[in-house]
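A.B. asks: Predicted model, plus sequence, below.
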Amino acid sequence: MLAKKILGKLDVDSIDLIKGSGTTFFIRIFGIILLYVFTLIITNQFGDEVYGEFSFFMLSLKILSLLAMAGMDIYLLRYISDDPDKNKISNFIGKGSIAVLVNSIILVFLVYLLTFKNFKFLFSEYYFIFLLLICLFPFTILKMNAQSYRALKFTGMFSLLEFAGVPLLSIIAYFTIKHSSGITDFTPVNAYIIGVLLMFLISLWHWQFKFGKDLISKFWSHLRDVPKTNKLAIPFLIAGSSIFLGQWVVALVLKYFAGDGSLGNFEAALRIGYLLMMPLVAGTTIAAPIFSRKFGQGKPEELKRILKLTTNVIFLITLPMLIIIFIFSDQLMALYGSDFTESGNVLRILLIGLFFNALTGPISVMLQMSEKQVLVQNVFLATTLINIVLSFILIPNFGIIGAAWSNVIFQILLNGILLIYLKRKFGYFSFGK
């Protein structure tokens, strides 16, 4: 009865936010559990060095996919959610898919030229580069389609494509390979690639073939529009890609100065730390299209209300999670195996920045949905540059601890600057009343 009374006082957007966030939250939890199972399999079977190279491969794939996407995922999220007309959706899908195809082909060619004789700087074997080139387009389309479902508030399908599908299929593929041909150091990455390719086919069938019916008939017109399409989407690219680029450079610096083992420990600690991001991801998933709609309707007070509601709920959920993870950091890291038992303090340091990120809420997303994407991209670029500079200073002297503090400073600077901008321009903070 109490729940019905509370729900009766909420408006449609608040109910959508709660329902959509709940769906994403539980599927996200399932996806994180699956990812941890896959991570535990790798770390316990192969140790920190193999996991370090596998983590660097996944991060490199994300970087390349962001460049191939050129901001198309957030561009589609912004404008599909603003006006979800079927004909417009079909047109957006066509333009986005062809642009991603062209961008991927160009990137594959460039990466091949740059790494053919210099792959040792990045990976122990060229096989990893080969898999990056093979998987780039499917992985990028998969991520783009996930955000498109998010724009329509199909949170179940978005969460499956974004969080749960790939780790589930990767685990199945791993045990299939293990029992059919045995395991090698390449088995984890092979299993992951199989998971990505299968989810790509599912998303292609369920999104392009369903909503992009005129994609083939308008292929040439979409192809001619690729430069224009990229130009419209690029402001959304820089904000998202700069973070991953910063992470990739930090990982490369850590890999160079401290080795794959330290990188494996750092990435394993981040995996646990990202548990604090679950409420933020869940809330942002459904809040983003609401932000876009409220801004398009010219309702700044509603925009403020949704932002504060989302941030306050995120804080209440995140705080007890922070306390539990902080207390049991050593035990949680020990689950990965004997190579990871001394990285509890690394996890504790990372929690500081991740908690500040959750505390300030989805400011960057709200600003991007409010036509402030250029401002957001500039802040992301500046703070990412600081993160890279700090990594070159701290990691050679302090190793993995230096990498952790560099990450903390980056998180606090990024969200702190956006919070100050929000207060000065809009007159309120993202949290509180």
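C.D. replies: That came through, no problem.
A.B. asks: and residue 403, how far is that from residue 340?
C.D. replies: 15 Å (C-beta to C-beta, to the nearest Å). The C-beta positions use only the backbone N, C-alpha and C, and glycine is treated the same way.
A.B. asks: which one of these two has more residues nearby?
C.D. replies: residue 403 (28 against 24; other C-beta atoms under 10 Å).
A.B. asks: Now do the same for the more buried one: its pLDDT.
C.D. replies: Predicted confidence (pLDDT) for residue 403: 92.
A.B. asks: For it, which non-adjacent residue is spatially closest?
C.D. replies: Of all residues not flanking residue 403 in the chain, residue 254 sits nearest, at 5.0 Å (C-beta to C-beta, 6 or more residues apart in numbering).
A.B. asks: Check which helix or strand that neighbour maps to.
C.D. replies: Using DSSP states H and E, residue 254 sits within helix 226-273.
A.B. asks: what packs against the helix or strand harbouring residue 416?
C.D. replies: Using DSSP H and E, residue 416 sits within helix 400-426. For helix 400-426, the packing partners by 3 or more C-beta pairs under 8 Å, 6 or more residues apart in numbering; DSSP states H and E come out as helix 226-273, helix 344-360, helix 363-368, helix 373-398.
A.B. asks: and among those, the most buried is which?
C.D. replies: helix 363-368 (a mean of 25; mean count of other C-beta atoms under 10 Å).
A.B. asks: what packs against that helix?
C.D. replies: Looks like helix 363-368 contacts helix 226-273, helix 278-296, helix 300-327, helix 373-398, helix 400-426 (3+ C-beta pairs under 8 Å, 6+ apart).
A.B. asks: Now do it: distance to the chain's middle.
C.D. replies: Helix 363-368 sits 15 Å away from the centroid of its parent chain (C-alpha atoms, centre = their mean, to the nearest Å).
A.B. asks: hmm, back to that, any chance of the helices and strands packed on helix 400-426 in a markdown table, plus distance to residue 41 and mean pLDDT?
C.D. replies: Listed next are those as a markdown table, based on distance: least, C-beta to C-beta, whole Å; pLDDT from 0 to 100:
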| stretch | distance to residue 41 | mean pLDDT |
| --- | --- | --- |
| helix 226-273 | 13 | 80 |
| helix 344-360 | 20 | 90 |
| helix 363-368 | 33 | 84 |
| helix 373-398 | 28 | 88 |
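A.B. asks: Make CSV out of these and add distance to residue 428.
C.D. replies: Output for the helices and strands packed on helix 400-426, formatted as CSV (distance: least, C-beta to C-beta, whole Å):
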stretch, distance to residue 428
helix 226-273, 22
helix 344-360, 13
helix 363-368, 11
helix 373-398, 17
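A.B. asks: Show me the one of the ones you listed that comes nearest residue 133.
C.D. replies: Nearest to residue 133, of all those, is helix 226-273, at 16.9 Å by C-beta to C-beta.
A.B. asks: That closest one to helix 344-360, inter-axis angle?
C.D. replies: If you take axes from the mean of the first three to the mean of the last three C-alpha atoms, to 10 degrees, helix 226-273 sits at 130 degrees to helix 344-360.
A.B. asks: Between the helices and strands packed on helix 363-368, which one is closest to residue 105.
C.D. replies: The closest of these to residue 105 is helix 226-273. By C-beta to C-beta, the value is 10.9 Å.
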